Every structure is written in C-alpha cells, then in structure tokens.
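# sequence isn't available, so here's the structure alone:
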C-alpha cells in the first residue's frame, strides 16, 4: 500500500489489460454529455405516420422504424460495436414518455417543486460540458447536457409535437381530474413528501431472458411467435389483442436484426477504407459477426458477447430505463466461454479484454430526466450484473467466468455495470477473495446479497418451485432482486419520505416547513398519539401514492408498453400478452420505495427518552425546539443527541425499527398494482436522502433542519453508530428482510483496516456473520475520507475516483456536493 | 476501568476482535496516541470547538476547579476527580465528555456475547489493550476467566510495566501477547516513557517463562528521531532471540493522537515527525527476516 501525502491509497490498483481498453476508457473520461435527437426524431416521424394503429402495433412500429434507421455506431478501435447514441456519452430525450420538463427547460421556466431540494454534480464530464457550452458551439441543456443550436430548435419542435400525446400528459389529464386524492399527491410533491413524478424515466428494474434469446437467436423467437399466430382463433377482444401483440413483437424483433445488420454493412464500409491491415481484419470479423447475430444463435464466446450487447441495447433503446440489468451474466454466458476455452478458440486474456470493453459500453449510456430526478438518481442507470449464487440443485454457481468478470472490473474501473454477489458460504475461495479484491480497489462494488433471504421472500411471494428461484434469482436495479427473464419490470419507483411523514404527524397533519395542511389530524400530546398519527399518515401516504401510480400505468399501457422487451420475457409469447397486459410469469414486482426511516426510529426513541428523563414536559416543548431548529435549546439538543440511536444493538431504538418496518410492509402490500397483484415493498435510498433531508425541518433525534437523512435501509445516521460496525450489523440483522425486495447497508473502511489476505478474510467473516442473521445486503466504501476531501478541493486530479453512493457507484467528482459530504460523513470504521 | 471498547478491530490479533481499552498506564510515552489512557481515574476531555462559553460547567463544579478568562480553564490539581462529574453533566453541547468508566465483569460480557458470531466465524476474540491492562490485574483476570469460558480467544497488548508477582494462573488465561519495546536503552526509556527499562525486560522474561515464548510477539512503535534506527531493530532482534521469541510487529508512527492532547490540557512533546517511507519500513522488516524473525508491518 502506498501512502502519499497524508492519506492512504487503496490497496488494490490496476490498469485496463490492453492499450485498446485504456484508450476507450480515456475517451469516455474525456467526453462531455450530449443530447442526441436521432432516435426520438425517427420515432416521432413514425408516430405521425401511424395514427389509427392498434396501440401495440403503433408502439412497435415506432420503435422498429427508429431502430432500423439509426446510424450504426462503430468507434475507433472498438471490438464490441453499437451504441445507444452517436456520442460517447449521449442521452435520448424520450419525449414520448414526458415532454413537459423539456418544454419548461427550453422556456427556462422553473421546474418541479422538488427542484429546490436537489443539487446535482458539477465535476468531470459535466464540467467539460459546461466549458464547451461557454466556448459557444453548443448550449447547455439542463445542468449537464450539451446541445447544438440547430438541435435545440428541433428539440423544441419535437417536444411540442408530444405535448398532449406523451404518457405523462395522458395520465395527468386523467388522474388530475378523476383521482379523488389528486390534491394530496400534488401537495406531497410541494413539501417533499414524495419524489418528483418519474414519468420521464419510469422503466427498467428487470432482466431479459438472455438465455433463450441467445440460444434460439431472435429468428427462433420470431418463429415461436409465428407458430402462435397460426394456432390463434380470433373470437373476442382478448384474442384479437393477442394477434396484435404477436404482429407487433415480430416487427420489432425483425427491426433489431436489421439494425445489427446495418452494423455489418458499416463495418464492411469502414474496412474498405481502413489502411491498417490488423484493424481491417478486425472490422471484417465484426461485419461477419453482426451479419449473423443476434438473428442466429452465436457460435463462439466472441459472437455471444456481441449478440448479448445487441439484444440488451435494443431493449435499452425502447424505453427510458433505470435499473434495466444484465442479471446472471456469469451463468448464461458461461457455456459459450467454457466451450471456446476448452476448444482453444479464445484465450482468457482475450475474453478479459471483451469483458473490459463491455464495461465501457455499459458505462457510456446516459439518461435524461427532469432536473430533480437527475439529482435523486445522481445520473446513474443502475445496471446490475450479479455473480455467483446457486444453480437449480442448490449448489454454488460461481465459475471461472465469474472471476474474470470481477477481474475486468478491477482492471477497467468504470461505474457501470455495478457488480453484485449472491453470497453463499460454499462459493469458491478464489471467487470470494477476488470479490474482496474488487472491493479493495475502492469502486464500491461488488455489493453482497444474502441468497437465502431472497429465496425465502420469493418462495412465499411467487410460489414458484425452489429450483426455478435458485437458478433465476437476479438483481434488477440497485438492490432489488428479481427473477431473471420472467418478471414484469416497471415499478412505482417513487419514494416516500418517512421523515416528512413524521413531521406531519408531529404537527397534526400540517407541514411546518411549507405551511401546507396535507391531511388534518389531532395535534399529538404524548408519544402514543404521535405514533398513532405517524402510522395513520404513513398508511395514507402509501395508499394514495400507489393508487396515483396506477393511473400513470394505464397511460403507459396505451402509449409506452415495451413490446421488444415483452418478446424476451417469459411467458409473454405463451400468454399472447405484453408486459403491461400481464404477460410475464411474475407480475407482482412493482415496489414502493421509501427512505428516512432511521431518522424516524431515532426520533421516537428520543421522544421516549426525553419524556422519561423529564427533559421535556410534553410534546409542545419539543415542537417549539424543533421549530426553532434547537436554537436556544442546546441542553435539550444534547439530551436528544444522547438518546438511544439505531445501529448500536440497543433495543430501545431497534424495537421501533422492527415495529415500523413491519407496518410499512403491511401498508404497502395492502394495495394492488396495475396488474392486480399486491405491491411488493422495498426500501432503498438512491440519493433521495439528501433532497428529502433538505425538505425537512429539525427532528427529535437531534438532527438539525435540512440535514441529509440516514441513507439506505439500515445504515445508521452518520456519527450515531458509536458502538462500532459489529453492533450496527447486529441491529440491522434484527429486521426481517425476507419481507422486502431490496434494501441496503453501507459501511466504510479505511484501506489499512482490511489490509492483506488476512484483512480480506476478516471482511468475508463479517459478511458471513451478518448473513447468518436476517441481513440482506452489505456494501463497502474502502477509502480514506481525507482523500475524498482532497478530491472535493481538486476535482481535476480525481477524475476517475469511484465511490459507492447507494445501490450504485459513481464518479465522485460528478456527484452533487450534498452527496459528497454525506459520503465523507458516513462513519469510517478503523481499528 | 475502561476508556473505550472498539469492535471490528482487525489489527490486534487474528480474526475480528473487540479491543477493551483499560484506563491507566504507568508509562507516559511522548507519542502516546491515547493520552486519556494514562491517568487511572476518569477525566473530562474538553472540545473547544463545541464550547459555547455558557460557563455552566464552572457553576456546577463543586471544587471550583474551572474558570473562564474568555477560554475554558481547568485547574487539574484542584479537580478532585469527583465521581459525579457535575461539569460534564452540566455541559449543554457535549464540549465536555468523560473519558473512563467503571465496568463490571457482567456488563462487559453482556456487551461482548452478542458478537460471538463475528469472533467464531473469523477465528477472532477479545484483546486487552490500554493503558496497561495488567495494572488492573484483578479486574483483567476476572474478565479473562469469563472470556475463556465463553470460548473466545484472548490477546493482551502490554507496555511491560506491571507488578512482578502477578498470579500465574491469571496470566495463563491469555492466548497471545503483544509486548511493547520502545527503546534500546534505559536512558531512552526514561526520557521518552518516564520509566526505566530493567523491570520491563525482567517482566518479558517472566512472561516468556509463564506462557511460553511462542505466545509472545514483540511490538515496536517506530518513531523517527526516537527509535526508528537499524541499531534499535538489531537490538530488538537480539532481545527476541535471547528470549526465544520469533515474532515481531511494527507499528509505524502516526499523529492521530495529537489532537487529543489539548483536550486534556496536555502538550504533545514531539514536534513534527516525518512519516516512515514504505522503503524504510520494508528495510526494517527485511533486516528482521534476515535474523529468522517473522515481521508484520501494520498500516496506519
């Protein structure tokens, strides 16, 4: 380990394995962020030409037309070709989902209510965009994207076309008139009870059935749909919708094949011009591969990699995805790898280079959302590749490819895809130790997930055979498990702010910060009344939020249904139904997310303590202290800070957590999603804990007004886990994680505290012990906080420094200041 | 009496450990990173950045040891080390906190037992540190018995300065020892630690006889300008070999303790000390390897 200046470097450091990958990575790091209109322009043209189509066919027609006409992307030196946009870092404005935030930005109008709580990053590629905009050729769009002047006019024109036609406008038109609690939702947005409407990027959080798509080839999938058409007898609306679905699906799959073949043509064209004979041969090989896959099953690992990328990317292009994920990559790609290695067709080094190249491809994708969602999500796409786990017989499933994938992330440090491990005690030592090596690079992944906990959850929820759950358990999004290739993906990805619910409870249903009366209830005079209020308001907030979302889903079904993705999720073809019509095997995946519960738990523990010790006469005095943000109440503030806190294995706080957690799960599951299945609760934070905190005044746990909330599900509030990391895990392990999908626990270590192989084993023992309890997930930042402070001061020197935020990793310098501060403040565990 | 308990300690023996920091030490090393470990009684630590100068502590002190002349002052000779610590309770902003607390054996065990999974899965356990644990031998041995009965391994970090006639049965409860060696000369010991070397070297021999030398590791805090020299390393190698010890641990100097001195009204005697480079550290480690000794260098 190298010690430089006055902080400690990370123990494991590495470089991309080839010059080519270094150059591609460097190109990424020095690219600004662009808006690319090509896709949406083509899509809009098709939309104008398809008025009167059946909604399924129209949707397919638009996506297919765009896909077939996109200019094929083959960049200098690339092995894997094809990209979402023409820019290294480009984003598509999916105006068909939502156009109002674009129109507001074009008119320089104030954005959403939540914008006042949000800040986004300014460093790295974002800084580069700003500099280029100043130079004059481009303008800034929003806070981070570049757009040329001519494109800006085009964007304006397109955005106005979608006004009244996009999914958001369609759903707003209906729910704002017909949903009885519309005002509750809008007030909730005003005060920061909910995250902003996420119509601009609602998709994702699922995994395609790559296994089948690869082994059959897309032509094989088309043949299956064709067969269904032949068997179909039209007798009513439902059966005719099946026909439309098959026709639509075949259309988009054919388009995906054509789009890949465009790359073959382009590669040939480039080869003709290429002077370098080595590169010329590569381009010809690329042309051959793109001519064959993904139409046909790949014949080699090299072909499988390209086929996978096309299959994945065509789905990514279809929608505004967050959390759309590769899933169990090391399982379904392994047969191709193994066959080639055994036959001597590929070396491990060659495979490694391909895996590193794929990391860059997945990191290049950007998305555009409203300003507040960019702040909430820190711009991340949450593409999650999960390794290890079990096979259908319950044996550990990790293999040589799993290790190689980890190595590719160690060598080629990029933020995407985030890696995860389905932890199993019996996994090979080499695999687990390689995973810890990756953690020690400081990139913040892999995160570790407890396989047993998810199996229990899914057995109870889905009632599917255990063997199926073992084999297909994957991760769709930051920390939400999903069954790969068979689950409905869209979620109610909006968040509920527990701390705001608490503030409302404390003040009789009125928000002390904005003055808005959300839902009148009695002003509580004692802890029992306070708790009653809290649970009542929490139940209402959840219920209305979920019901609101189903209105959006109704509009989604008609305008933005994912046809391509439906064809590659089981068993949409068998059922003859798209995802939005319940075609998947698992339709219960939608989740309701929340953050800030730790602050609420600590607040209840503090209220009890302050009353027991007679520090306050009643809640009235406390309300005054909170209103004044503790000013003039320093003695009381000290006692509030000293009250029991979550994360110290102290039942005086932990019992509140267990109670509220269980209530939360009950409330979420009371409501049904758009497909008639109960909502499945989830808890995580992404970056919501910063803006949610900003929206809230002081809380009884001693937190001052507008301070960032505790992150994740079980991570303690910074500085309050005074009993050390093991006590934190003992607290976190009390929560019945089998009840939720997802949840995360952050820990930060100084590099020196887990140094060497013995340090790695200590970390593994820590994970194992936590997973012997009911704990579900754990992730680590291995970094010296002094290095982070230095990076805040001199961002230009730390362009490629990656840290773990919530369910994802990010380039530190591209994070908003409040997130940077929060990461620095997370308790650093050292000897 | 303990002044801290630290869980998930990874550098104080095998596996995941909990370190119990005993309060009170006969030595006063100039580089001590835990100055609050030295006194054998609880004492208030003062954090000036949190102080709002409300003078509530001054009003509360029964011994009138606290005064304010724009700044908080405590006359530690007047401070009667009362058991109530009124000043700390009176402080509204936690600028005054108390270092040191009496623990019963039962309370310590109640704190440790829930963590048994971490110890068992990692081959870890408990390490006594300080301060000087053996300066509170009665409490230490009573605790050691319970820890061994619970099936956890027990380590000891000692400065070597303890009574010569400790109960050998108590000492044998300890599984491994990190024995500090701070200087090669008696003068050096007196200058930098305030105590002579001879009783410490005698205790080292006694401990080797009692436990077996294989259980003992010599632990060297290396301070540039004090003892980070090849002569010291060479002398330590001789010392180890004459006692049959084969394991050495190097603790590179760090300054993390410096900020705590003003909180106790003490001054940090060492001026600016440079960091040891990785090269210097590895040359020391190699010299020890050359003498057939194993050597572990801890990170900071």
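Looks like it came in fine. A quick note: this is a predicted structure, and the numbers were derived from the prediction, not measured.
# next, the residue of the stretch 651-800 of chain A found nearest chain B: secondary structure please.
When scored by C-beta to the nearest C-beta, the stretch 651-800 of chain A has residue A:752 as its residue closest to chain B, at 2.9 Å. Using the backbone N, CA and C atoms, a C-beta is placed for each residue, glycine as well. Three-state call for residue A:752 (DSSP: H, G, I helix; E, B strand; the rest coil): helix.
# what do you get for residue A:614?
coil.
# now residue 58: closest residue in space that isn't a chain neighbour?
Just going to use chain A. residue A:50 (4.7 Å; C-beta to C-beta, 6 or more residues apart in numbering or on different chains).
# oops, wrong one, chain B.
Closest to residue B:58 by C-beta to C-beta, 6+ apart is residue B:66, at 4.4 Å.
# what do you get for residue A:722?
Nearest to residue A:722 is residue A:648, by C-beta to C-beta, 6+ apart, at 6.4 Å.
# number of residues surrounding the one you found?
Applying other C-beta atoms under 10 Å in any protein chain shown, we find 20 residues neighbouring residue A:648.
# and the residue of the stretch 51-200 of chain B found nearest chain A, how far from residue A:748?
Residue nearest to chain A within the stretch 51-200 of chain B (C-beta to the nearest C-beta): residue B:122, separated by 3.3 Å. Applying C-beta to C-beta, to the nearest Å, the value for residue B:122 to residue A:748 is 19 Å.
# the two - which one has more neighbours?
Legend: neighbour count by other C-beta under 10 Å for residue B:122 and residue A:748, higher for residue A:748 (26 against 23).
# for the longest helix along chain A, give the mean pLDDT please.
The single longest helix within chain A, with elements called by DSSP state H, is helix A:237-273. When pLDDT is averaged along helix A:237-273, the result is 98.
# centre of the chain to it, how far?
Its chain's average C-alpha position is 27 Å from that of helix A:237-273, according to C-alpha atoms, centre = their mean, to the nearest Å.
# picking up where we left off before, burial measure for the closest residue to the residue of the stretch 651-800 of chain A closest to chain B other than its chain neighbours, as a count.
What sits nearest to residue A:752 in space, not counting adjacent residues and going by C-beta to C-beta, 6+ apart, is residue B:299, at 2.9 Å. Neighbour count of residue B:299, defined by other C-beta under 10 Å: 22.
# need the pLDDT of residue B:299.
72.
# so which helix or strand takes in it?
Using DSSP states H and E, residue B:299 maps to neither a helix nor a strand.
# ditto for residue A:649
Here residue A:649 is assigned to no helix or strand, by DSSP H and E.
# hang on, it packs against residue A:730?
Yes - contact criterion C-beta atoms under 8 Å: residue A:649 and residue A:730 qualify, at 4.1 Å.
# please identify every residue contacting each of the two.
residue B:114 (C-beta atoms under 8 Å, 6 or more residues apart in numbering or on different chains).
# residue A:230 - how many residues pack around it?
By other C-beta under 10 Å, neighbour count at residue A:230 equals 7.
# residues of the stretch 1-150 of chain B that sit close to chain A?
Residues of the stretch 1-150 of chain B that fall close to chain A, judged by C-beta under 8 Å from any C-beta of the partner chain: B:5-12, B:14-16, B:18-19, B:52, B:54, B:91-94, B:114-115, B:117-118, B:121-124.
# ok, now how distant is the residue of the stretch 651-800 of chain A closest to chain B from residue B:7?
17 Å.
# do residue B:180 as well
23 Å.
# got phi/psi on the residue most central in space within chain B?
Residue closest to the average C-alpha location in chain B (C-alpha atoms, centre = their mean): residue B:130, at 3.1 Å. Dihedral angles of residue B:130 (phi, psi; degrees, to the nearest 10) stand at phi -170, psi -140.
# correct me if wrong: it contacts residue B:37.
Yes - counting by C-beta under 8 Å, residue B:130 touches residue B:37, with 5.4 Å between them.
# any shared contact partners between those two?
Counting by C-beta under 8 Å, 6+ apart, the residues touching both residue B:130 and residue B:37 are B:21, B:22, B:23, B:24, B:25.
# how close does the residue nearest to the fourth one when sequence neighbours are not counted sit to chain A?
Closest residue to residue B:24 in three dimensions, ignoring its sequence neighbours and counting by C-beta to C-beta, 6+ apart: residue B:40, at 3.5 Å. Using C-beta to the nearest C-beta, to the nearest Å, one gets 24 Å for the distance from residue B:40 to chain A.
# and if you look at residue B:292?
22 Å.
# what's the closest non-adjacent residue to that residue?
Per C-beta to C-beta, 6+ apart, closest to residue B:292 is residue B:246, 7.4 Å.
# give the contact list for that neighbour.
Residue B:246 touches B:213, B:214, B:240, B:292, B:293, B:294, counting by C-beta under 8 Å, 6+ apart.
# and the residues you listed, which are buried?
B:213, B:240, B:293 (16 or more other C-beta atoms under 10 Å in any protein chain shown).
# surely the last one and residue B:249 touch.
The one in question is residue B:293. No - look at residue B:293 against residue B:249 with C-beta under 8 Å: they stay out of range, at 10.6 Å.
# overlap in contacts of these two?
Contacts common to residue B:293 and residue B:249, judged by C-beta under 8 Å, 6+ apart, are absent.
# residue A:62: neighbouring residues, count only.
Neighbours of residue A:62 (other C-beta under 10 Å): 25.
# contacting residues around the helix or strand where it lies?
Using DSSP H and E, residue A:62 falls within helix A:55-69. Contacts with helix A:55-69, where a contact means C-beta under 8 Å, 6+ apart, come from A:39-40, A:42-43, A:45-47, A:50, A:53, A:96, A:241, A:244-245, A:247-249, A:251-252, A:254-256, A:258-259, A:262, A:314, A:317-318, A:557-561, A:563-564, A:578.
# how about 6 Å then?
A:39, A:42-43, A:46-47, A:50, A:244-245, A:248, A:251-252, A:255, A:258-259, A:318, A:558, A:561, A:563 (C-beta atoms under 6 Å, 6 or more residues apart in numbering or on different chains).
# between helix A:237-273 and it, find me the angle.
0 degrees (axes from the mean of the first three to the mean of the last three C-alpha atoms, to 10 degrees).
# partner strands of the helix or strand that comes right after helix A:55-69, parallel or antiparallel?
Once helix A:55-69 ends, the next helix or strand along the chain (criterion: DSSP H and E) is strand A:90-91. Using DSSP bridges, strand A:90-91 pairs in its sheet with strand A:34-35 (parallel).
# residue A:109 belongs to a helix?
No - secondary structure of residue A:109 (three-state DSSP): coil, not part of a helix.
# list the contacts of it.
Here residue A:109 is in contact with no residue (C-beta under 6 Å, 6+ apart).
# near chain B, which residues of chain A?
Contact residues, chain A versus chain B (C-beta under 6 Å from any C-beta of the partner chain): A:1, A:634-635, A:638, A:724-726, A:730, A:752-753, A:755, A:762, A:765, A:768-769, A:772, A:829, A:831.
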